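> Have a look at this prediction, sequence included:
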Amino acid sequence: MALSWTGNRVRLRAVEPEDWTAFAHFADGDGARRGRLDLPRSAESYRAWAKEQALAEGDDDRFRLAIEATATGELVGSVGSHRTGRCSGWFEFDIAIGAGHRRKGYATEAVVLLLRFMFAERRYHKCLAAVLAHNEASLALFRGLGFVEEGRLREHVFFAGRHHDLVMMSMLVNEFDRRHTMSQP
């Protein structure tokens, strides 16, 4: 794996079929979706999803990567680019860290590695992130990375019996470069 995908705390790598058990645990067992009731998923659905991710081509710069702790080799979450506006130069991404692995710097480092790739190698100009307004930890993460709030979609997402605001945040390539540098340190 190229050094550009490895930091001090994390290594970003392709999702492998055997990762399904960790992803099932993240989704079902760690309370990440507080207040949100989803249909139960079978083990086979997680196996199929992981296999699909392992075989995915990353078309149009949309992809999902596993986040692995460098110290232990343990899968701690995932990060991915899921929407792109290639002609306009923007992309949107998401990140998820398993509950037992939060507040250890994994998310910060994984986002910097992803942004460095998308800005420096793929030549995007702007990164977008959508965060639920009540998710103070994620808002603090993105603000700490240098994202700025662009706006708020009022009562945009419905779960747990009510509507929630969605905060739209962004970072431009020059803002990233000033704060994190485009090249690997």
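Yes, it's here.
> Burial check on Leu153, number of neighbours?
Residues lying near Leu153 (other Cβ atoms under 10 Å) number 13. Glycine gets a C-beta too; all of them are placed from N, C-alpha and C.
> What helix or strand is it located in?
strand 148-159 (DSSP states H and E).
> Against which helices or strands is that strand packed?
Under the contact definition 3 or more Cβ pairs under 8 Å, 6 or more residues apart in numbering; DSSP states H and E, strand 148-159 sits against strand 162-172.
> The strand it packs on pairs with which strands, parallel or anti?
Sheet partners assigned to strand 162-172 using DSSP bridges are listed as strand 126-132 (antiparallel), strand 148-159 (antiparallel).
> count of neighbours near His180?
Counted with other Cβ under 10 Å, the neighbours of His180 add up to 17.
> need the contact list for it.
Val112, Leu115, Arg116, Leu145, Gly146 (Cβ atoms under 8 Å, 6 or more residues apart in numbering).
> returning to that earlier point: tabulate the strands paired with strand 162-172 (CSV), appending mean pLDDT and distance to Gly7.
Output for those, formatted as CSV (pLDDT from 0 to 100; distance: least, Cβ to Cβ, whole Å):
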stretch, mean pLDDT, distance to Gly7
strand 126-132, 96, 18
strand 148-159, 95, 24
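> Of the ones you listed, flag the one that's most buried.
Mean neighbour counts were compared across those using mean count of other Cβ atoms under 10 Å; the top stretch is strand 126-132, at a mean of 19.
> From the chain's centroid, how far away is it?
10 Å (Cα atoms, centre = their mean, to the nearest Å).
> The strands paired with strand 162-172: which one's closest to Asn8?
Of all the strands paired with strand 162-172, it is strand 126-132 that lies closest to Asn8, at 21.7 Å by Cβ to Cβ.
> Summarise which helices and strands the very next helix or strand once past that closest one is packed against.
Later in the chain than strand 126-132, the nearest helix or strand by DSSP H and E is helix 136-145. Counting contacts by 3+ Cβ pairs under 8 Å, 6+ apart, helix 136-145 packs against helix 106-116, strand 126-132, strand 162-172.
> which one of these is the most hemmed in?
Comparing the helices and strands packed on helix 136-145 by mean neighbour count (mean count of other Cβ under 10 Å), helix 106-116 ranks first with a mean of 22.
> So what touches it?
Under Cβ under 8 Å, 6+ apart, the answer for helix 106-116 is 4-10, 12, 65, 67, 69, 76-77, 79, 81, 93, 95, 97, 127, 141, 144-145, 171, 176, 180, 182, 184.
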